[in-house]
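Peer 1: Prediction below, plus the sequence it came from.
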Amino acid sequence: GAGVSQSPSNKVTEKGKDVELRCDPISGHTALYWYRQSLGQGLEFLIYFQGNSAPDKSGLPSDRFSAERTGGSVSTLTIQRTQQEDSAVYLCASSLAQGVSFTDTQYFGPGTRLTVL
Amino acid sequence: ILNVEQSPQSLHVQEGDSTNFTCSFPSSNFYALHWYRWETAKSPEALFVMTLNGDEKKKGRISATLNTKEGYSYLYIKGSQPEDSATYLCALPSFNKFYFGSGTKLNVKP
């Protein structure tokens, strides 16, 4: 079956512009996660959705970052007024997670490479 | 913030060698531990999810153990192959967030 998909695969933008990154989880997966990996850094957790709700948004790096999920499916991560330090690979993952559980296997998408000039 | 440490940072082995690496974490409030393999230019791939003290999981030549009382997990690879070359990450959930270690980068030479 189809895996997690993300779009665009690459995005180059100018400092100060807004960008929107999209994640399509595996059909039927109720949990969705956003991560990023900046150059030379480890994998950083950003936010997690159970259905359409995000219990905790404090992992988002700044108030320029926002995320939403609609219909329990597609999620978008929006970065406003991008800065050079936002350059990173943004990864999305989904898991079956019928309840609030962090023990389910996460399936990752291919990522979006964001470059802010 | 949950402090997750992995060692070594990198490892170079010859094809056929067996190897192991460590993930260390605070033993209090343990909920679960995830192991991932991340090959260059690919997405992270889940290897194991471990929840119980004493858990042992196996997938082919790769196995993992968990000690929640002392706060560590070992990942073992038996008879390493070049295709095992990747970064191996561990991650733990805590209060609606996931905390990843910095990974162990394994390079297996043919």
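Peer 2: Now that the structure is in, tell me what you want to look at.

Peer 1: Now do the same for the residue of chain A found nearest chain B: its pLDDT.
Peer 2: Taking C-beta to the nearest C-beta as the measure, chain A has residue A:102 as its residue closest to chain B, at 3.4 Å. For glycine as for every other residue, the C-beta is placed from the backbone atoms N, C-alpha and C. pLDDT for residue A:102: 79.

Peer 1: tell me which element it falls in.
Peer 2: With the criterion set as DSSP states H and E, no secondary-structure element contains residue A:102; it sits in neither a helix nor a strand.

Peer 1: Hmm, residue B:50 and it touching each other?
Peer 2: No - in this structure, residue A:102 sits apart from residue B:50 without contact. The criterion is C-beta atoms under 8 Å, and the distance is 11.9 Å.

Peer 1: Need the residues touching each of these two.
Peer 2: Taking C-beta atoms under 8 Å, 6 or more residues apart in numbering or on different chains as the contact criterion, the common neighbours of residue A:102 and residue B:50 are residue B:32.

Peer 1: now the longest strand seen in chain B: mean pLDDT?
Peer 2: Longest strand in chain B, counting residues (DSSP state E): strand B:86-94. Confidence over strand B:86-94 (mean pLDDT, whole number) is 93.

Peer 1: Does chain A have contacts with it?
Peer 2: Yes - interface with chain A: strand B:86-94 contributes B:89, B:91, B:93 (C-beta under 8 Å from any C-beta of the partner chain).

Peer 1: Could you dump those residues into TSV with neighbour count added?
Peer 2: Below are the residues of strand B:86-94 next to chain A laid out as TSV (neighbours: other C-beta atoms under 10 Å in any protein chain shown):
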residue	neighbour count
B:89	23
B:91	26
B:93	19
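
Peer 1: Out of those, flag the one nearest to chain A.
Peer 2: For the residues of strand B:86-94 next to chain A, the residue nearest chain A by C-beta to the nearest C-beta is residue B:93; the value is 3.4 Å.

Peer 1: so the closest one sits right up against residue B:29, yeah?
Peer 2: No - counting by C-beta under 8 Å, residue B:93 sits too far from residue B:29 to count as a contact (10.2 Å).
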